[in-house]
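K.L.:
Build me a structure from this.
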Amino acid sequence: MLSSNDDLIEHCINSKTIAAGGMLTVKCDEVRLPNGNASLREYVTHPGAVLVVPILPNGDLVLEKQFRYPLNQVFIELPAGKIDAGEEVLLTGQRELLEETGYVASHWVKLGHQHPCIGYSNEVIHIYLAHGLVAGTHQHDEDESLIVFEDSLANCLSMIQSGEITDGKTIIALFLAEKYLMLNPQLQPQLQYV
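P.N.:
Numbers count the residues shown, from 1 in each chain. Below you'll find the model as predicted:
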């Protein structure tokens, strides 16, 4: 049996950038394994992101439909976006909520974070629940096309079961929100469980 996590740590011997783009960098590192052998690790560096679960006063969630080029498909997602250099995580969430949906929120709750691609990326996604929403003006990025819509949490959970929602970050955030709202039912006056 392993005595500590130190018995699992791999140490970088040297690192090489394979490709660099505007947001992502692909690296290949030679590492020393805990058993003393060397191996290669290819991975993508990512600036991190924030996902927001926006809850309207009637209890519905604000969602969006967006085309995702790598999979050539439209996905149902919660609002999210990457963290700009030097930007505070909460400010990213507030900015993305306004840009993508036109809403601002008076109350923010950190639900957690996730690492969506631990085998090949260092990306972390911070997850917030936002309530006390007030409609503002959409400020979409020029390279983004979205359809914003509202639906109940119960319908969102059904869409996970039916395969209509397959985006991993959205699924995890909906489950975290469901648990949080079970403990704080005053935030979800019309919450119905399937």
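K.L.:
what's the burial count for G136?
P.N.:
Using other CB atoms under 10 Å, the number of residues around G136 comes to 12. Every residue, glycine included, has its C-beta placed from N, CA and C.
K.L.:
mind checking pLDDT for it?
P.N.:
Looking at G136, its pLDDT reads 80.
K.L.:
hang on, it packs against Y103?
P.N.:
Yes - G136 lies in contact with Y103 (CB atoms under 8 Å); the separation is 6.3 Å.
K.L.:
What's opposite V104 in the beta bridge?
P.N.:
In this entry, V104 is beta-bridged to V134, by DSSP bridges.
K.L.:
which residues are in contact with both of G136 and Y103?
P.N.:
Counting by CB atoms under 8 Å, 6 or more residues apart in numbering, G136 and Y103 have no common neighbour.
K.L.:
Now do the domain split for this structure, please.
P.N.:
5-45, 49-185 (automatic domain parsing).
K.L.:
Mean neighbour count, these: which tops it?
P.N.:
Using mean count of other CB atoms under 10 Å, the stretch among the domains of the chain with the largest mean neighbour count is domain 49-185, at a mean of 16.
K.L.:
first vs last residue of that domain, how far apart are they?
P.N.:
28 Å (CA to CA, to the nearest Å).
K.L.:
Give me the distance from it to the chain's centre.
P.N.:
On the basis of CA atoms, centre = their mean, to the nearest Å, domain 49-185 sits 7 Å off its chain's mean C-alpha point.
K.L.:
N14 versus the residue of the chain most remote from its centre, what's the distance?
P.N.:
Computed with CA atoms, centre = their mean, the residue of the chain farthest from its C-alpha average is G36, at 35.9 Å. Per CB to CB, to the nearest Å, G36 is found 17 Å from N14.
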